[in-house]
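*Asks:* take this sequence and fold it.
(2 chains)
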Amino acid sequence: MARFTLNGVAREVDVDADTPLLWVLRDALGLTGTKFGCGMSLCGACTVHLDGQAVRSCVLPVAAVEGRAVTTIEGLAGPAGERHPLQQAWIDENVSQCGWCQSGQIMAAAALLARTPSPTDDEITRHLAGNLCRCGTYQRIKRAVQAAALSARSDVSKGGEP
Amino acid sequence: MNDAALPRNGDARLSRRSFLKVASVAGGGLAVGLLLDGCAHVQGAQALGGGFHPNAWLRVAPDDTITFLLDRAEMGQGVLTSHVQLLCEELAVAPARVVVELAPADFDRFGVQVTGGSTSTTSQFDVLRQAGATARELLRRAAARRWGVALDEVTAADGALVHAAKGRLRYGEVASAATREWVHHVPLKEPSAWTVIGTSPRRLDAAAKTDGSAVYGMDVKQHGLLTAVVLRPPTLRGSVLRYDAARALAAPGVRDVVAIPQGVAVVADGYWHARKAAALVDVEWQPGPLAGLSTDALKDERLALLERPAQVVTSHGDVDTALAHSKTRVRAVYQVPFLAHAPMEPLNATAHVEPERVRVWVGTQAPAVVQAVAARITGMPNHKVEVHSTLLGGGFGRRALPDFAAEAVEVSLRLKAPVKVVWSREDDLRHGQYRPAALALVEGGVDESGAPIAWRHRLVTQSLVASFADLVGAMSLHAVPQPILELVGEGVGRAFLEGHVIDPTAVEGAAELPYALPHRRLEIALHDCGVPVTAWRSVGHSINAFVVESFVDELAHAGGRDPLALRRALLVDHPRNLAVLETAARAIGWHEPPAPGRFRGLAQHHCFGSWCAQAVEISVADGLRVHRVVCAIDCGRVVNPDLVAAQMESGVIFGLSAALSQHIDLDQGKVRQSNFHDYPMLRMHEAPTVETHIVASDERPTGVGELAVPPLAPALANAFFAATGVRLRSLPLLADAQRVLAGEPATSTSP
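*Replies:* Below you'll find the model as predicted:
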């Protein structure tokens, strides 16, 4: 039995301890927003947050998340369902093409912005270099991360929530 | 206008298929009795198809929901958005108001529904506008009749009918009434009146692709769904001799282990249990006919073919004499490897075979092919096979084949339960259907003035049309008995393999050149090595543009000409090639020297009805780095400029990944590559800036999705030559480039 917090809710799942978190999410819990791409931590399509850090769920045994907090793309929006600034920026910049890698891209970017609210171009590139996109949306991803960082900053300067 | 002027729907006696036929005729003679659904009174619908059916693409419900059925695959190229724009231009409703459903396989309504060849915009440009226009007119008529006013006093705007005195009726309010209306020939708007075509609204699939709610094939859920992984033969085209599944069957979660034509399927309650148990199955394999094959030996076979005269494809002038009289002659051998598609979503499909029906859920570029294959496997008639399309996590040609869907049907047939077959990345790379490998020998000659006069091009490649032939036999097309189809398929395959018919996909982009070259010849020798091959984004153009556009640069160098100036001189009769070339050259600043340490290359190519030129800027001081790619495109009228730009960005990155690093190699019949560490894709820190310049045109829309791939590799090789004076003729070129930059010879550069 694995016990962890998923998108703010305590969960108990009856799965083998060695099951990668990816398949616990997708097969046992039905949260299919997190994607399978390589199974070897090479492409980043399966990126989720573990206690706020971006991790590759395809190689992370569920035993390693025992008692910890997991956030997936389904849990990224705010408490009232308001989009994360990155999700809005992704829509505004028409980033997604096939879209398969984009949950992972957004989760990786969200972990970066949480730590570095105003990343430089280089910081964005370095941080997202582990996330592959076969459709080649990289320059739009970069633009969207910058736009989201800017909108979060302007919300702060207006006194709103970041 | 009064009621008497409005014909009644009883006049309509069109079958759905004749509607499609009529609708396909550009702008003329459309007579549609009914386009709308969602009402109680449906005589017209019955007259159209013997049941309560909506038209092919559109439903307007009384609750005002406007639903569009997309009959093409959305695999990233944006057709889900651009097709809605085509409809909405005439329907007078905002694209964002439209609910999009993915159409099931339905030959009667949608034909073969293949998404490929960059044809979706071209083929649906008139049809969808006409569907929107006809629906709008029926709605207007229904509103005029309800209000008792003249038709020309009713306008359609923003999803509603409007009359100065009577007010406003939403489309849904007259949807039922509109089914009783009739129109004959609705003219389409003039382009000058367009308000939706030519704009870039947000992608309609954008939100669902940012919150995890978009449903791809792998995300399909069904009650009692099992997951299967397939153990595949280590050699291409191998098969199972015998297997022992005792240990796997005892593993947790495992339901069954079954042999299918493709291998041994391990079926469990989820992916992880299936994958773990797969390691416990002992399989003895029959290595099959390709067991001894290696990439190096194949290359030697192709090199031998390259030295012999081959079948003439096209010939102009007297190339042999012209070569003999040339002042300077150039001879070059180019080489390209097998390539895998590697869509980000590994291949998968879900099937449920029941006694009376078969259901398949799959992200496919060809739902009708899946339907036919599932029917053949199960012995069920086509109409009892439902194929439900999902979004595709990339396609690039790979998802036009039905093999992965066939596996799901095979397994479900044996388990009598719903089963999802999921491929691993290793399955994907090692059991692909690849872009053919090819060799080309080109000999050219320039005269005293430096002008090219002779071009002799010999191509050794594989026919991929021949590889489609067995699919013809599987198609179960209407009214043609299957044995005949299989015979036809076999005959087609033989005709291509034996050279009675030249495979157009093998010679595209090389058979006819836009350049004014008085003496030229293309020859082809087919090398039928048995490696499974298929269409890969831009197909033969991905091979031939590399050869042609590299060799043009070689001839420019041999004749002492600037690569742009030479192309310009040779493209006098091809203004659209010339226009994209000039645009790309201007955008990169070809006439000014590049910044210190930067070098440039150019290429242009015509394919899928469109024209694309690219200028690439690189540096070599710190290894080969690609900084900037400028694309100029002429694809006729543009439905959505931002989607065109996105496809240029996409094609450049896709093309650059292949040109720099990707290759599939065989070793004793086994594919050596297995995952992204040895089949690398460009990453963000390696990606250049891509700029798109659209050359305005009033011509019909033409292809976009594959267009940016072919020019990229030659433009890059041309830039590398500009930087180093060394010509790289073998793809992928990064390893050779690094050797050259380290002062060593490039191992594969031909003499």
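*Asks:* CA only for contacts and neighbour counts going forward, please
*Replies:* Noted.
*Asks:* name the nearest residue to B:Ala259, sequence neighbours excluded.
*Replies:* B:Ala265 (6.1 Å; CA to CA, 6 or more residues apart in numbering or on different chains).
*Asks:* now for the host helix or strand of the one you found, which elements pack on it?
*Replies:* Element membership of B:Ala265, judged by DSSP states H and E, is strand B:263-268. Packing partners of strand B:263-268 (3 or more CA pairs under 8 Å, 6 or more residues apart in numbering or on different chains; DSSP states H and E): strand B:226-231, strand B:239-244, strand B:254-260, helix B:271-278.
*Asks:* burial check on B:Asp282, number of neighbours?
*Replies:* 14 (other CA atoms under 10 Å in any protein chain shown).
*Asks:* that one bridge partners, please.
*Replies:* Beta-bridge pairing of B:Asp282 under DSSP bridges involves B:Asp244.
*Asks:* surely A:Gln139 and B:Thr689 touch.
*Replies:* Yes: counting by CA atoms under 8 Å, A:Gln139 does reach B:Thr689; the two are 6.8 Å apart.
*Asks:* do you know how far B:Pro346 is from B:Ile260?
*Replies:* From B:Pro346 over to B:Ile260 the distance is 20 Å, taken as CA to CA, to the nearest Å.
*Asks:* more neighbours, these two?
*Replies:* Higher neighbour count among B:Pro346 and B:Ile260: B:Pro346, with 24 against 19, using other CA under 10 Å.
*Asks:* just the strands in the stretch 551-700 of chain B please.
*Replies:* Along the stretch 551-700 of chain B, the segments classed as strands by DSSP state E, counting those that start in this stretch run B:598-607, B:610-619, B:625-634, B:666-667, B:670-671, B:689-694.
*Asks:* same list (these) but as JSON lines, adding mean neighbour count.
*Replies:* Putting the strands of the stretch 551-700 of chain B into JSON lines (neighbours: other CA atoms under 10 Å in any protein chain shown) gives the following:
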{"stretch": "strand B:598-607", "mean neighbour count": "26"}
{"stretch": "strand B:610-619", "mean neighbour count": "27"}
{"stretch": "strand B:625-634", "mean neighbour count": "24"}
{"stretch": "strand B:666-667", "mean neighbour count": "19"}
{"stretch": "strand B:670-671", "mean neighbour count": "22"}
{"stretch": "strand B:689-694", "mean neighbour count": "20"}
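*Asks:* and the ones you listed: which comes nearest B:Leu660?
*Replies:* strand B:625-634 (10.1 Å; CA to CA).
*Asks:* relative to strand B:598-607, how tilted is the closest one?
*Replies:* Computed by axes from the mean of the first three to the mean of the last three CA atoms, to 10 degrees, the angle separating strand B:625-634 from strand B:598-607 equals 30 degrees.
*Asks:* what about strand B:625-634, average pLDDT?
*Replies:* Here strand B:625-634 scores 98 as its mean pLDDT.
*Asks:* also stretch B:737-751?
*Replies:* Here the average pLDDT along stretch B:737-751 is 80.
*Asks:* circling back to that earlier point, now the common contact residues for A:Gln139 and B:Thr689.
*Replies:* Here A:Gln139 and B:Thr689 have no joint contacts, going by CA atoms under 8 Å, 6 or more residues apart in numbering or on different chains.
*Asks:* ok so, going back, looking at the helices and strands packed on strand B:263-268, which is buried most?
*Replies:* Sort the helices and strands packed on strand B:263-268 by mean neighbour count, taking mean count of other CA atoms under 10 Å in any protein chain shown, and strand B:226-231 sits at the top with a mean of 27.
*Asks:* which helices and strands sit right next to that strand?
*Replies:* For strand B:226-231, the elements it packs on are strand B:263-268, helix B:271-278, strand B:419-422, judged by 3+ CA pairs under 8 Å, 6+ apart.
*Asks:* what's it in contact with?
*Replies:* In contact with strand B:226-231 (CA under 8 Å, 6+ apart) are residues B:262-271, B:274-275, B:278, B:411, B:417-423.
*Asks:* one more: stretch A:97-109?
*Replies:* With CA under 8 Å, 6+ apart, stretch A:97-109 has contacts from A:33-35, A:37, A:44-49, A:54, A:72-73, A:86-87, A:96, A:124, A:127-128, A:131-133, A:135, A:137, A:145, B:74-78, B:209-212, B:344-345, B:391-394.
*Asks:* just the buried ones from the residues you listed?
*Replies:* A:33-35, A:37, A:44-49, A:54, A:72-73, A:86-87, A:96, A:124, A:127-128, A:131-133, A:135, A:137, A:145, B:74-78, B:209-212, B:344-345, B:391-394 (16 or more other CA atoms under 10 Å in any protein chain shown).
*Asks:* contacting residues for whatever residue of the stretch 501-650 of chain B ends up closest to chain A?
*Replies:* In the stretch 501-650 of chain B, the residue that lies nearest chain A is B:Ser650 (4.5 Å; CA to the nearest CA). B:Ser650 is in contact with A:134-137, B:708, counting by CA under 8 Å, 6+ apart.
*Asks:* ok, B:Ala246 next?
*Replies:* B:Val281.
*Asks:* ok, now with 10 Å
*Replies:* The neighbours of B:Ala246, taking CA atoms under 10 Å, 6 or more residues apart in numbering or on different chains as the test, are B:257, B:280-282.
*Asks:* now flag whichever of those is closest to chain A.
*Replies:* For these, with chain A as the reference and CA to the nearest CA as the criterion, the closest is B:Leu280, at 16.4 Å.
*Asks:* and the nearest residue to the closest one once chain neighbours are set aside, how many neighbours?
*Replies:* The shortest distance from B:Leu280 to any non-neighbouring residue, by CA to CA, 6+ apart, is to B:Ala248 (5.0 Å). By the measure other CA under 10 Å, the count of residues near B:Ala248 is 24.
*Asks:* is it true that B:Ala248 touches B:Val264?
*Replies:* No: look at B:Ala248 against B:Val264 with CA atoms under 10 Å: they stay out of range, at 11.5 Å.
*Asks:* overlap in contacts, those two.
*Replies:* B:257, B:278, B:281.
*Asks:* what angle separates the helix or strand encompassing A:Arg153 from strand B:689-694?
*Replies:* Assessed by DSSP H and E, A:Arg153 sits inside helix A:138-157. For helix A:138-157 against strand B:689-694, the angle by the same axes, to 10 degrees is 100 degrees.
*Asks:* please work out the average pLDDT along helix A:138-157.
*Replies:* Rounded mean pLDDT across helix A:138-157 is 90.
*Asks:* now find how far off-centre it is within its chain.
*Replies:* The chain centroid and the centroid of helix A:138-157 are separated by 16 Å under CA atoms, centre = their mean, to the nearest Å.
*Asks:* could you list every residue that touches the residue nearest to B:Leu280?
*Replies:* Listed by CA under 10 Å, 6+ apart, the contact partners of B:Ala248 are B:254-257, B:266-267, B:273-274, B:276-282.
*Asks:* between those, which sits nearest chain A?
*Replies:* Nearest member of the contacts of B:Ala248 to chain A, counting by CA to the nearest CA, is B:His273, at 8.4 Å.
*Asks:* and the closest one, what pLDDT?
*Replies:* We have a pLDDT of 98 for B:His273.
*Asks:* quick one, phi psi at the nearest residue to it once chain neighbours are set aside?
*Replies:* Nearest in space to B:His273, with sequence neighbours left out and distances taken as CA to CA, 6+ apart, is B:Gly253 at 5.8 Å. Phi and psi for B:Gly253, reported as degrees, to the nearest 10, are phi 80, psi -10.
*Asks:* that'll do, ta.
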